[in-house]
Every structure is written in structure tokens, then in C-alpha cells.
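Visitor: Build me a model:
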Amino acid sequence: MTEQQTDAVLPPHRIAPAGGCPHALNAELLARGGVAEVILPGGVPGAVVLGHEALKEFLAHPDVAKDARHFTALQDGRITPDWPLRVFANAQGMHTADDEDHRRLRSLVGNAFTARQVERLRPRIEALTAEFLDDLAEAAAGSADGTADLRRHFALPLPMSVICELLGVDPEHRGRLHELSNKVIIATDTTPAEAMAAVRELVGLMGTIAAARTAAPGEDLTSALIAARASDGDRLSEPELIGTLRLMLVAGHETTLNLITNAVRALCTHPDQLALVRSGKASWNDVVDETLRWDGPVSWFPFRYPTRDLELAGTVIPQGTPVLAGYTAAGRDPEAYGPEAARFDLARPTTARNLSFGHGAHYCVGAPLARLEATVALEQLFARFPDLELATPEPALPHQPSFIGNSVESLPVRLTPAARDR
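Guide: Reported below is the predicted structural model:
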């Protein structure tokens, strides 16, 4: 039997709900091909698209849908009501809509995230960045060992504050919103009961936020969406309103939180690359781009469904299969980025465009905002704390318990060199 035949009879990869660092697994699966069969948590058969070119084709394919009415096992009753990933199939919003419904919903929010509109937010993002750097310094000064969790005190509150201000979310809700969104979307090791309870609370909280903006409209995106619904209910149903708010809240902070965290980890463990930025040989935009490719904030994201049997990278994915988009795998695909694909390299020759924000009609509407937040955050962080270093060896940092999110749970840093190094 040839090596190719041996690979063909290997059993599907069974996804561990707790996930972990994806890169070793990605490399193993990519060596077999651009598409892999998987068993999702709960025993549901699925697939993951791993190769860069295969994923690019898949994300823009006309015979691939986002609406769960194309999810065969869900529609014929084979998926149990307590399936922990049901939240991804049941959600309503532009991220689970196709064709005209998708265009209708995206048009309601798209203008708020154009490059020009996002650039207008720069002064506020810069002011918030400085404020949270003060909080980071205060946390380090108040700790016994002079360290602080950069993720908690800086990488999280910055994008959370930006998206909440954009949506008109009152400050008292922000902490709980992060806890719930993390439990619903990122932490795939939660029990079905915990996930369902979190979904109910998150939907209820989004309803509370919408009610507050209905009673007291402001110059925010939630108020604009409510006004659009009031003027023409056919443009935006109540479930779509809540789903759209939930999508923007979750995607608007969780991915940027991971992006900033992963970029800081990369630079602290690759001082030669940080030196390129400081010498002007690379830019902070280069750092963001390379981090998105090398250690993107989202690993394997659910779901898309072929609307017919679809051959991709030599593998046939049956119609109605729930398919994950393997963003972290595509980012290190040697076929796209060469034999050095696993190396963090700001001077990497321009080759394939990374797919971390997606591709095609569902390309992330908030990508310009995430890029601006990350570049401002990194530039100000390393300007204020040029001796910033990890306080815990990188291999010892606890990874997120997720196969969807890709980052660490905490990032202890030292803002000034340890006494022994001075």
C-alpha cells in the first residue's frame, strides 16, 4: 500500500473540545492534504479545510452556504438539542446568512467599518490605549513581583471599550459581556448546559442593551440599527437585530484581543524581529500582518455547508457537511508560504495574502478596525515600555481551552528588566 493509500484509510481526526495550541496538529493534518475529515464534539461528522489555496477557494465558492438549513444532519434530526456547537448553527445574523439576506444585513453595518470611518476613530483609540497602558503600569507597580497580565489589563479592555462605545453599550455590562461571549464562542470545553445557559443570558443581555438604546437613542450603531428596524421591519427582524449585535460585540473584541496578545508574544520571543521595527526596516502594519498569518486569532471556525458534493484539494466533501475554516493551518501552509512558513519573519517576501479575516463575500467587515486597534496598541506599548518582556516562559503559558480561538489565557509581562538583569 502506498503512503497516499495509507493516509486515505486513517480515521477522521476527533476534535478535542479543550483544543490547545493548533500548530503541531495543523502540520500533521496538512501533510496528508488540504482537507481533513473530523469528528466534531458530540460525535458529529464534519470536515476542516486546511490548505491555503483550498481554503481560499472554499470561502468564496458559490456552492458553499452559511445558512444552517443546508446542514443535513441538523435538518433531519440527527443533532441532539444539547449539542454544544448548536449555537453556531442557530445564530441569526449576517454571519449565517447567504446571498440577498447577507447583503441586506451587511449593508446595515458596513458603512460604520469603512477605512475612512474607522480612521476617524483613531484619536479615541489612541486615548484609550494610553489610558489602559496607565492601568497596566499601575497593575505591575502594585504586584509583589512587578509583573502584570497584559491580556487582562490591556489587550482585553482596549478593543472591548472601542466596540462597546461604537455600539453604545453602557460600561456596567462590559465585563459580563466578555465572560459570556468567551463561554459561548471561544471556550469549547464548556458543558452543553453551561453553553446553553450562557447563550440565554447573552441574548437576554443584548436585549437589555437594545431596550436601553430604544428608550434613549444615541449616536451609536445600536441606535442606528433600531431606527432602521423601526422604519422598515422587513429590513431587520428582532432575532436578526440581536444576532447582529452579538456578532459585532463578540467579533469586535475577542479576535482583536487575541491578535494583540499573540503579536506581543511573537515580538517578545523574537527580539530580532522587534529590532527590525525599531530600526525602521519593518512597520507595525508588518507585525500585524505577520501575526495574522503566523499565529492568527482564530484557529478552526464553524460552519459552512456545501450545497452539493464538493471536490476540494482532491477530497470530496459531501453535501450538507458542517465544515470548519482552518485559518491557523492555512497561515502556515508551506505550499503558500514556502519551507519557512513556520517561522515568524517580518521581512518575509510578499506571497499569498493571509486569510485570517476571511475571503469573499463574508470577509470580516471589522477588519479595518481590528488592524487600527492592533497597530496603535503595539506602537504605543513598545514605545512606552521598550524593555517589556514575558514574565513566564512562552512554552509555559496556558493556551485557551478552545479549538476555535487561538491564544493564551493570560500573558504575564514585566515592564522593566528584572533586577538581576540590570
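Visitor: Strands of the stretch 301-422 of the chain, residue ranges please.
Guide: Counting by DSSP state E, counting those that start in this stretch, the stretch 301-422 of the chain has strands at residues 310-312, 315-317, 323-326, 389-390, 412-414.
Visitor: Looking at the ones you listed, which one is packed in the most?
Guide: Counting by mean count of other Cβ atoms under 10 Å, strand 323-326 has the highest mean neighbour count of the strands of the stretch 301-422 of the chain, with a mean of 26. (Each C-beta comes from the backbone N, C-alpha and C, glycine too.)
Visitor: same for that one, what does it pack against?
Guide: Counting contacts by 3 or more Cβ pairs under 8 Å, 6 or more residues apart in numbering; DSSP states H and E, strand 323-326 packs against strand 44-49, helix 52-59, strand 300-306.
Visitor: What is the subsequent helix or strand relative to the second one?
Guide: This means helix 52-59. Where DSSP states H and E defines the elements, the next helix or strand beyond helix 52-59 is strand 64-65.
Visitor: List the pairing partners of that next one within its sheet, with orientation.
Guide: According to DSSP bridges, strand 64-65 forms sheet pairs with strand 300-306 (antiparallel).
Visitor: picking up where we left off before, nearest to residue 164, of the strands of the stretch 301-422 of the chain?
Guide: strand 412-414 (24.7 Å; Cβ to Cβ).
Visitor: Turn the helices and strands packed on strand 323-326 into CSV, including distance to residue 285 and mean neighbour count.
Guide: Formatted as CSV, these follow (distance: least, Cβ to Cβ, whole Å; neighbours: other Cβ atoms under 10 Å):
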stretch, distance to residue 285, mean neighbour count
strand 44-49, 27, 23
helix 52-59, 21, 22
strand 300-306, 24, 23
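Visitor: Relative to residue 128, tell me which of those wins on proximity.
Guide: strand 300-306 (27.3 Å).
Visitor: Alpha carbons of that closest one, as CSV, please.
Guide: C-alpha atoms of strand 300-306 as CSV (Å, rounded to 0.1, in the frame of the first residue of the first chain):
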residue,chain,number,x,y,z
TRP,A,300,-10.8,26.5,13.2
PHE,A,301,-14.0,28.4,12.8
PRO,A,302,-17.5,26.9,12.2
PHE,A,303,-19.5,26.5,10.0
ARG,A,304,-20.1,26.4,6.2
TYR,A,305,-22.0,23.8,4.3
PRO,A,306,-21.5,22.6,0.7
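Visitor: Please state the offset of that strand from the chain centre?
Guide: Centre-to-centre, strand 300-306 and its host chain are 14 Å apart (Cα atoms, centre = their mean, to the nearest Å).
Visitor: what's the answer for stretch 39-49, then?
Guide: 20 Å.
Visitor: Contacts only, for the residue lying closest to residue 110 once chain neighbours are set aside.
Guide: Spatial nearest neighbour of residue 110, excluding adjacent residues (Cβ to Cβ, 6 or more residues apart in numbering): residue 365 at 5.8 Å. By Cβ atoms under 8 Å, 6 or more residues apart in numbering, residue 365 lies in contact with 94, 106, 109, 110, 113.
Visitor: Now the buried members of those residues.
Guide: Neighbour counting with 16 or more other Cβ atoms under 10 Å marks 94, 106, 109, 113 as buried within those.
Visitor: Quick check: which element contains the second one?
Guide: Translated: residue 106. Going by DSSP H and E, residue 106 is part of helix 99-110.
Visitor: Going by neighbour count, list what's buried in that helix.
Guide: Under 16+ other Cβ under 10 Å, the buried positions of helix 99-110 are 101, 102, 105, 106, 108, 109.
Visitor: which element follows the longest helix anywhere in the chain toward the C-terminus?
Guide: In the chain, taking DSSP state H as the definition, the longest helix is helix 192-215. Tracing the chain C-terminally past helix 192-215 and defining elements by DSSP H and E, one meets helix 221-231 next.
Visitor: and the direction of whichever helix or strand comes after that following helix versus that of helix 221-231, what angle?
Guide: Sequence-wise, the next helix or strand downstream of helix 221-231 (DSSP H and E) is helix 238-251. Helix 238-251 runs at 170 degrees relative to helix 221-231, counting by axes from the mean of the first three to the mean of the last three Cα atoms, to 10 degrees.
Visitor: lowest confidence element among the helices and strands of the protein?
Guide: helix 3-8 (a mean of 44; mean pLDDT, DSSP states H and E).
Visitor: and after that helix, which helix or strand comes next?
Guide: strand 13-14.
Visitor: Name the nearest of the buried ones among the contacts of residue 365 relative to residue 193.
Guide: residue 94 (28.9 Å).
Visitor: related to what we said a few turns ago, mind giving me the packing neighbours of the longest helix of the chain?
Guide: Against helix 192-215 (3+ Cβ pairs under 8 Å, 6+ apart) you get helix 174-181, helix 221-231, helix 238-251.
Visitor: Let me have those in TSV, adding mean neighbour count, mean pLDDT and distance to residue 294 as columns.
Guide: As requested, these are arranged in TSV below (neighbours: other Cβ atoms under 10 Å; pLDDT from 0 to 100; distance: least, Cβ to Cβ, whole Å):
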stretch	mean neighbour count	mean pLDDT	distance to residue 294
helix 174-181	18	86	25
helix 221-231	18	86	32
helix 238-251	21	85	21
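Visitor: Just put those in TSV and tack on distance to residue 191.
Guide: Converted to TSV, the helices and strands packed on helix 192-215 look like this (distance: least, Cβ to Cβ, whole Å):
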stretch	distance to residue 191
helix 174-181	15
helix 221-231	31
helix 238-251	20
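Visitor: so which of those comes closest to residue 158?
Guide: It's helix 174-181; of the helices and strands packed on helix 192-215, that one is closest to residue 158 (Cβ to Cβ) at 11.8 Å.
Visitor: got the angle between that closest one and helix 192-215?
Guide: Using the same axes, to 10 degrees, helix 174-181 lies at 140 degrees relative to helix 192-215.
Visitor: Check the offset of helix 174-181 from the chain's centre.
Guide: 16 Å.
Visitor: Stretch 198-216 too?
Guide: 23 Å.
Visitor: average pLDDT for it?
Guide: For stretch 198-216, mean pLDDT is 88.
Visitor: what's that stretch in contact with?
Guide: Contacts for stretch 198-216 (Cβ under 8 Å, 6+ apart): 87, 167-170, 173, 176-177, 180-181, 183-184, 190, 220, 222-223, 226, 241-242, 245-246, 249.
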